[in-house]
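# My questions concern the predicted model and sequence given below.
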Amino acid sequence: MLSEFYFDNAATTIISPEALKSYSECALEYMGNPSANHREGQRAHEKLEEERRLFASKLKVKPEQLFFTSGATESIQIVLSSLLWAKSPGEVIISKIEHEAVSSWSGILKEKGWAVKTLKAKGGFVSPEELEESITEKTRLVAIMMVNNVTGAIQDIDTLVKVTRRKEKEFGRKIFFFSDCVQALGKIPFSLASLDIDGACFSSHKIAGARGIGALYLKKGEIQTLAKAGGQEKGVRGGTENLPSIAAFTSAYLSCPEDMSDIEEIYNETRKIFQENGIKILSPETNTSPFILSITTPLPSEVLTRMLIDKGWCVSSGSACSNNAKGKGEGILQAMGFSAKDSRGAIRISFFHYSSILRAKELAEEIIKIVREF
């Protein structure tokens, strides 16, 4: 099976049979627009709200706090573009290891008069002390991802939010804390309510759901959006809801197992092989997702990935989103404190529940063989 050789799951996963079935059944059974007043529209609306309740229940949030979008990128855009409504620009704080969907907003916000501060992440982790020093009375938003998409480093979001809330009280002004949870949903345990996050984004295709569908969590259930379009999703995200994909997303999320022992075994065994053979590992030893393993070799990543692709393996250099823009993945790794040489040789191997431990070991051995030969 192709999936046995597929180790680029942090980029996208293969849609699960359960999600595909949910998509097909929903597409065939619910033909109406959820905004329409006729019977078929009402049935579609009821289905939409049922999926929202199911998703929110597993996420342990209120249904009215969850909004379906076209993906995490749009969810991020909704939140960051809302800043453009401000009468007087303030400050935004983001980490240097954010996905480009977040970091690319720096230029736009600066052009509109906002000050954008970036936090270092030595070893892959944002420092609570640096965050505290960076927050001023002008800070309006802090954006720090939960799980890094390049190395899998899990941020201490609990501490970072508490730092933000302390400064919020000190300055007597609300600070919106946003977290990209794309690589966290269905993969590591977390509670948005207990973490006191104001907003978070999720993506379906990272957990074996349909592509082109995502979700946005808003603690208060409202935001001053740049454009409301047709007013769907309570005006947070306009446009006809993609009901079949929403059903597939929900199905995929509900199917995510609580037990991660299969992934942990694959991760630990693969990591062990690299360690025993002198391959440098970039992913942290602790506080890291077992779904992402980043390594570096003396070979340029483009060369090694091409050789692996020629042999039928699917991996990526840095992050898949960075592969189309030279240096983006390298920049994130250098922000973590890795050398330019290590960053240029970075390879990301990412797993999902259908991954084979035998194939993972074969992949590791193939990489070691290529490195020794060249």
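Received the coordinates, thanks.

# Name the residues of the longest helix anywhere in the chain that are buried.
Criterion DSSP state H: the longest helix present in the chain is helix 39-59. Under the neighbour-count criterion of 16 or more other Cβ atoms under 10 Å, helix 39-59 has Gly41, Arg43, Ala44, His45, Lys47, Leu48, Glu51, Arg52, Leu54, Phe55, Ala56, Leu59 buried. All C-beta spots, glycine's among them, are computed from the backbone N, C-alpha and C.

# quick check, nearest of these to Glu365?
The shortest approach to Glu365 among the buried residues of helix 39-59 belongs to Leu59, at 38.9 Å (Cβ to Cβ).

# give the contact list for that closest one.
Leu66, Leu192, Tyr217, Tyr253 (Cβ atoms under 8 Å, 6 or more residues apart in numbering).

# who wins for neighbours among those?
If you count neighbours using other Cβ atoms under 10 Å, the busiest of the contacts of Leu59 is Tyr217, which has 24 neighbours.

# Bridge partners for that residue, pull those for me.
Leu66, Ala200 (DSSP bridges).

# phi, psi of Pro17?
Pro17 adopts backbone torsions of phi -60, psi -40, taken as degrees, to the nearest 10.

# For it, give me the pLDDT.
Predicted confidence (pLDDT) for Pro17: 97.

# how far away is it from Lys187?
Distance of Pro17 to Lys187, computed by Cβ to Cβ, to the nearest Å: 20 Å.

# now swap in Leu243 and tell me
The spacing between Leu243 and Lys187, counted by Cβ to Cβ, is 25 Å.

# More neighbours: which of the two?
Lys187 (27 against 24).

# Walking through the stretch 151-300 of the chain, point out its helices one by one.
157-171, 192-195, 243-255, 261-276 (DSSP state H, counting those that start in this stretch).

# Lowest average confidence across those, which one?
Averaged per stretch, pLDDT over these is lowest on helix 192-195, reaching a mean of 93.

# And the contacts of it?
Identification of contacts with helix 192-195 by Cβ under 8 Å, 6+ apart yields Leu59, Lys60, Val61, Ile157, Asp158, Val161, Ser179, Ala200, Tyr217, Lys219.

# Centre of the chain to stretch 332-342, how far?
On the basis of Cα atoms, centre = their mean, to the nearest Å, stretch 332-342 sits 21 Å off its chain's mean C-alpha point.

# What residues of it count as buried?
Under the neighbour-count criterion of 16+ other Cβ under 10 Å, stretch 332-342 has Ile332, Leu333, Gln334, Ala335, Met336, Phe338, Asp342 buried.

# Output the below-cut-off pLDDT ranges for the protein.
Along the chain, the model assigns pLDDT under 70 to residues 1-2, 318-329.

# what does the domain assignment say about it?
The chain breaks down by automatic domain parsing into domains covering 2-15+258-373, 17-255.

# Many thanks, we can stop here.
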